Structure formats: structure tokens, C-alpha cells
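# Model the following, please.
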Amino acid sequence: MLIESLGMVTVALASSGESGVPPDGALLVPWLTPAFLVLIGLGVSTRGAAMWVRGGWGRRLATLPVGAIGGAIAFVGYEISRWA
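Just a heads-up that it's a prediction; the model follows:
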């Protein structure tokens, strides 16, 4: 997130009115946004796996929506990437 925000600040500060080649920071955004979303999705899914290991049936049933949400976030990150 820090690297992506630095890229966005570079884009905002470099807008001098001329429409030419985008600044170097703008080239990071299409790569870092999908990577960030995929890593957040994996983190949420890992949290669901930790819930499965720790608890009783209530926590184990809660792992299904947590895993689905984590998978959906990772899927969105993959779909907006250049590899999709």
C-alpha cells in the first residue's frame, strides 16, 4: 500500500497540464493494486483457516463465509490484473 500511495502521489504531483508519457509512479499502480488485493484475499482466507483450527462448531461454521469472502477478494485482484 505504501508503494502504491507513493505512485499515486507521483502522478498527482506530475500533472502539469501536458498530456505525454505518464510519470514512472503511474506505471506501478496497475501492478500493485492487483497484488495488494490478492494478498488481502489470501490473508482473509488464512484467517478462516486459523478459525477452523482454534474453535468449536460455531467457529468452524464461520470459516465458510470467511473463506468465500477471502476467495472473492483474491479473485477480484486476479481479474483486474494483467494476467487475467
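# before we move on, which element is the residue most central in space within the chain in?
Geometric centre of the chain, nearest residue: residue 37, 1.2 Å, by CA atoms, centre = their mean. In the assignment (DSSP states H and E), residue 37 maps to helix 29-54.
# thinking again about what came up before, burial measure for the nearest residue to the residue nearest to the centre of the chain once chain neighbours are set aside, as a count.
Distances taken as CB to CB, 6 or more residues apart in numbering place residue 77 nearest to residue 37, at 2.9 Å, with adjacent residues excluded. (Each C-beta comes from the backbone N, C-alpha and C, glycine too.) Counted by other CB atoms under 10 Å, the residues lying close to residue 77 total 20.
# can you check residue 84 too?
By other CB under 10 Å, the residues close to residue 84 number 9.
# Could you check how far it is from residue 34?
Using CB to CB, to the nearest Å, we find residue 84 at a distance of 9 Å from residue 34.
# Please apply the same query to residue 70.
Counting by CB to CB, the separation of residue 70 from residue 34 is 15 Å.
# circling back: tell me which element the residue nearest to residue 37 is part of?
Using DSSP H and E, residue 77 maps to helix 57-79.
# ditto for residue 83
Using DSSP H and E, residue 83 sits in no helix or strand.
# again, but for residue 81
For residue 81, there is no helix or strand it lies in under DSSP H and E.
# Give me the pLDDT value at residue 21.
What the model reports as pLDDT for residue 21 is 66.
# Give the residue spans of this protein that score low on pLDDT.
7, 10-26 (pLDDT under 70).
# From start to finish, how long is stretch 45-65 in a straight line?
Length of stretch 45-65, first residue to last, CA to CA, to the nearest Å: 10 Å.
# just stretch 51-59 next, same as before
By CA to CA, the extent of stretch 51-59 from end to end equals 6 Å.
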